[in-house]
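Colleague: Any chance you could fold what I've pasted below:
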Amino acid sequence: MKELSMIVVTPHSVVLNGNILPTSKTGDALLTECYRFSKADYPKYFKMDPLCRLGFVAAELLLQGQEEERFVPREDRAVVLASCRGCLSTDQRYEETIQPGENYFPSPAVFVYTLPNIVTGEIAIRNKYLGETSMYLFEETTDEDERLRLLENMTFQDPVTTSALIGWVDYKDGEHYTAKLYLITKE
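Modeller: This next block holds a predicted model:
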């Protein structure tokens, strides 16, 4: 496998291929700042849950620097992500809307993001990727890289897949999140 590009997004920094991108915001505001910086014209961004925003922004910044045509259908590109929390922060927010009492109001806008694989779908839809999309949930660990190598090996077992956006996207709250995405090709 050959790594083409890598991005790491945390609440305090964005590092693209070893270069720190200039940012003035932190936390959730950093994600919106990066979205605006990317000039992505994707209004659904503002309806996304935090996990989806994190993965979307990381993918957008990573893919913008590639020397390939974007937004053309590709069956050979997979989007495979991993997380330890998935969409737990959104699940908790949704649970608040379904508690019995005066404030009982199930929110369809929140409910739609109670599936952690929505982030892979949003990335695939935006970029017209028709290959595999998967989100794997692992126990919290310090060895994310080992798990990502496992996902990489599994992803490239598919003979149609020639490249993949693979990474770790985990969101606890506005001050505790990480996205680490790689664009990888078969050699």
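
Colleague: where's the residue nearest the centre of the chain relative to Gln99, distance?
Modeller: For the chain, the residue sitting closest to the mean C-alpha position, by C-alpha atoms, centre = their mean, is Gly55 at 1.9 Å. For Gly55, the distance to Gln99 equals 28 Å [C-beta to C-beta, to the nearest Å]. For glycine as for every other residue, the C-beta is placed from the backbone atoms N, C-alpha and C.

Colleague: Just the C-alphas of the longest helix anywhere in the chain, formatted as CSV.
Modeller: Taking DSSP state H as the criterion, the chain has its longest helix at helix 50-64. Only the C-alpha atoms of helix 50-64 are listed here, as CSV (Å, rounded to 0.1, in the frame of the first residue of the first chain):
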residue,chain,number,x,y,z
PRO,A,50,-20.4,16.6,15.4
LEU,A,51,-18.9,13.2,14.5
CYS,A,52,-20.1,13.7,10.9
ARG,A,53,-18.7,17.2,10.8
LEU,A,54,-15.4,16.0,12.0
GLY,A,55,-15.0,13.3,9.5
PHE,A,56,-16.4,15.4,6.7
VAL,A,57,-14.1,18.3,7.3
ALA,A,58,-11.0,16.1,7.6
ALA,A,59,-11.9,14.3,4.4
GLU,A,60,-12.6,17.5,2.5
LEU,A,61,-9.3,19.1,3.5
LEU,A,62,-7.4,15.9,2.7
LEU,A,63,-9.0,15.4,-0.7
GLN,A,64,-8.7,19.0,-1.9
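
Colleague: could we number from 764 for the rest of this?
Modeller: Got it, the first residue is 764 from now on, which makes the last one we talked about helix 813-827.
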